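Student: Structure for the following, please:
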Amino acid sequence: MFKSQVFLFSVATCLFFVSGCAIDDSAPREERNALTHGNVQLHLKVGRTTQTEVIEVFGGPDIATIDGKGLEVWTYRRTASVSRSVDSGGGFFLLLGGYSRSKSSSERTDRRMTLIIKFDGNKIVRDFKSRTSSF
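Tutor: Just a heads-up that it's a prediction; the model follows:
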């Protein structure tokens, strides 16, 4: 009986030590933003996509201008923050003594995307260009 109690105590002690060590290495979480490279490629089709469809997907433009030919040009600018954090800690405590250690770090990256859409006289996408930068 004494051996089984020692074994049970040993297992419980090991589990206690292991449970004190945790690492959160989750994938970076990006704020939701409809203006992404994938959405641009998916939704904008030259000669087919209308201004109304563009507004449904991306919302109203940040800047709307008229070019030298009298055609509309819409500009979208969006900034998204990508954050990543890693936390680790571990330790054990016995009745009167103990040890504890923890470490954490975080990282933040801002991404900026600019989309310029040119429309023809019928308010259909004539051309578009997009650019993404990270800092």
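Student: residue boundaries of the helices in the chain?
Tutor: 2-19, 37-43, 51-58 (DSSP state H).
Student: Mean pLDDT lowest where, among those?
Tutor: Note on these: lowest mean pLDDT is at helix 2-19, with a mean of 54.
Student: OK, contacts around the nearest residue to Asp62 once chain neighbours are set aside?
Tutor: Leaving aside its chain neighbours, Asp62 sits nearest to Arg77 (5.1 Å; criterion: C-beta to C-beta, 6 or more residues apart in numbering). To be clear about C-beta, it is placed using only N, CA and C from the backbone, and glycine gets the same treatment. Going by C-beta atoms under 8 Å, 6 or more residues apart in numbering, Arg77 touches Asp62, Ile63, Arg112, Met113, Thr114, Leu115.
Student: What of Thr132?
Tutor: Counting by C-beta under 8 Å, 6+ apart, Thr132 has contacts His37, Arg111, Arg112, Met113.
Student: can you pull up the bridge partners for it?
Tutor: Counting by DSSP bridges, Thr132 forms beta bridges with Met113.
Student: From Asp120, how far out is it?
Tutor: As judged by C-beta to C-beta, to the nearest Å, Thr132 and Asp120 stand 26 Å apart.
Student: swap in Tyr76?
Tutor: 19 Å.
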